[in-house]
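Engineer: fold the following.
(one chain, ligands or ions: 3)
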Amino acid sequence: MRQKKIELPREIHTGPGVIKKVGDICKNLRFKGKATIVTGPKTIKIAGKKVAESLKDKNFDVNIIKVKKATKDVVEKVKNKLEGTSIALGVGGGKVIDVVKMASKYANVHFISVPTAATHDGIASPRASIKNDKGSVSLPAHAPIAVIADTDIIRKAPYRFLAAGCGDVISNYTAVLDWKLAHRLLYERYSESSAALSLMSAKMVIKSADSIKKGLEESARIVVKALISSGIAMSIAGSSRPASGSEHKFSHALDIVAPKPALHGEQCGVGTIMMMYLHGKDWKFIRDTLKKINAPTNAYELGIDPEYIIEALTMAHKIRKERYTILGDRGLTRAAAKRLAEVTGVI
Ligand SMILES: NC(=O)C1=CN([C@@H]2O[C@H](COP(=O)(O)OP(=O)(O)OC[C@H]3O[C@@H](n4cnc5c(N)ncnc54)[C@H](O)[C@@H]3O)[C@@H](O)[C@H]2O)C=CC1
Ligand SMILES: O=C(CO)COP(=O)(O)O
Ligand SMILES: [Zn+2]
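Structural biologist: Residues are numbered from 1 along each chain as shown. Ligands and ions are numbered 1, 2, ... in the order given. The predicted structure is shown next:
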């Protein structure tokens, strides 16, 4: 029988003010000595310093590293600085968390995910999206030993971030459709339980769309919960298949061609509208849900020129080629891409 390993976070702490418990949590997990915080230039002020204080209070020797990008070079540099550390903590957005996730895996130390915004479902996933010279790659990393999501910090982040997180998790709809397609066409390994959890995560957000509002702790909690369970769906699958399909290929393509890309989750949400159309499914329902949440549903709201939307659509199939989707191996012609974006109101 095929052997399988599922890696999950051991502890998940959410709630207002939970960041003050980071030191305690690390101590209870039996870490001691040096703790390394990986954070960003903005997020150090929002949360990094609080994490450092909490760790120092529990006698940790704290080292702080600031990163801006999630590239292979940055991962390598961080990995080298993790030597002798007992625990690494990623305090920030998706890029910071991906860097620490990958670097700590290479350095063979545990890491803790401390998201400062609910923008993405990499919070608890065992995968890392890392930029290289051709765009980005999805790499196997490891799951965080703990997730510490302070919903007070997350609710105070710009509302746009929360809406982006909703887009990232709603995109599971088309990711699962693509996965099923690949299973039928190529007999790709498919997990019913992972797909069910992935869709349940998306539905958690869709069901609450009317009550996801700016500044509310409850809204932050709903989205964080959905993002964590989507990450767990990736753990069960052992890949990002349940949470990344054709709509993510479109977003990754935009990251390459657009001079000023929007947030990952915002682009994935718009991609989901178009990929639902290609699958012959209810794309209007996705658009209307994103509208309710106040997430972007078109090029104008993304702040991206329509020309780049068309270009990204025509090249999306070339990204993560191993991941078969509705875009097929040949992708869309320019005329088909333009029509798709027009019919769905994206351009
Ligand atoms: N590994 C995985 O499974 C997944 C990885 N990702 C990756 O995550 C990245 C997207 O993550 P994002 O967080 O959208 O982008 P990001 O990490 O670039 O963060 C966006 C911006 O928000 C700022 N920020 C974070 N928290 C803030 C707060 N509380 N207040 C004000 N500003 C704050 C950051 O400093 C940054 O400038 C992409 O690279 C994507 O590929 C996305 C989904 C899943
Ligand atoms: O963003 C992701 C899931 O939301 C992961 O995407 P990739 O596996 O395409 O990098
Ligand atoms: Zn994503």
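Engineer: for the stretch 201-347 of the chain, which residues are neighbours of ligand 2?
Structural biologist: Residues of the stretch 201-347 of the chain found near ligand 2 (C-beta under 6 Å from any ligand atom) are 240, 243-244, 248, 320. Backbone N, C-alpha and C define where each C-beta goes, glycine included.
Engineer: just flag the most distant two among those residues.
Structural biologist: Within these, Ala243 and Arg320 form the most distant pair, 12.4 Å apart (C-beta to C-beta).
Engineer: more neighbours: which of those two?
Structural biologist: Shown here are Ala243 and Arg320; by other C-beta atoms under 10 Å, Ala243 has more neighbours (30 against 21).
Engineer: which stretches of this structure have low pLDDT?
Structural biologist: Applying pLDDT under 70 to the chain flags the ranges 1.
Engineer: now do the domain split for it, please.
Structural biologist: Here the domain parsing of the chain from automatic domain parsing is 11-156, 159-343.
Engineer: make TSV out of these and add distance to ligand 1.
Structural biologist: Formatted as TSV, these follow (distance: least, C-beta to the nearest ligand atom, whole Å):
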stretch	distance to ligand 1
domain 11-156	2
domain 159-343	4
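Engineer: columns distance to Lys4 on top of these, output as CSV?
Structural biologist: Shown next, in CSV, are these (distance: least, C-beta to C-beta, whole Å):
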stretch, distance to Lys4
domain 11-156, 13
domain 159-343, 7
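Engineer: closest one to Lys5 among those domains?
Structural biologist: domain 159-343 (7.7 Å).
Engineer: which one of the residues of the stretch 201-347 of the chain next to ligand 2 is nearest to Ile153?
Structural biologist: Nearest to Ile153 out of those is Ala243 (C-beta to C-beta; 23.5 Å).
Engineer: which parts of the chain are strands?
Structural biologist: According to DSSP state E, the chain carries its strands in the segments 11-15, 34-39, 61-66, 87-92, 110-115, 127-132, 135-140, 146-150.
Engineer: send the alpha carbons of the fourth one over as PDB?
Structural biologist: Only the C-alpha atoms of strand 87-92 are listed here, as PDB (Å, rounded to 0.1, in the frame of the first residue of the first chain):
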ATOM      1  CA  ILE A  87      12.900  28.400  16.700                       C
ATOM      2  CA  ALA A  88      12.200  30.700  13.700                       C
ATOM      3  CA  LEU A  89       9.200  32.900  13.600                       C
ATOM      4  CA  GLY A  90       7.700  34.400  10.500                       C
ATOM      5  CA  VAL A  91       5.900  37.700  11.400                       C
ATOM      6  CA  GLY A  92       4.300  39.400   8.500                       C
END
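Engineer: contacts for that strand, please.
Structural biologist: 22, 26, 29, 31, 35-40, 42-44, 47-48, 51, 82, 96-97, 99-101, 103-104, 107, 109-116, 144-145 (C-beta atoms under 8 Å, 6 or more residues apart in numbering).
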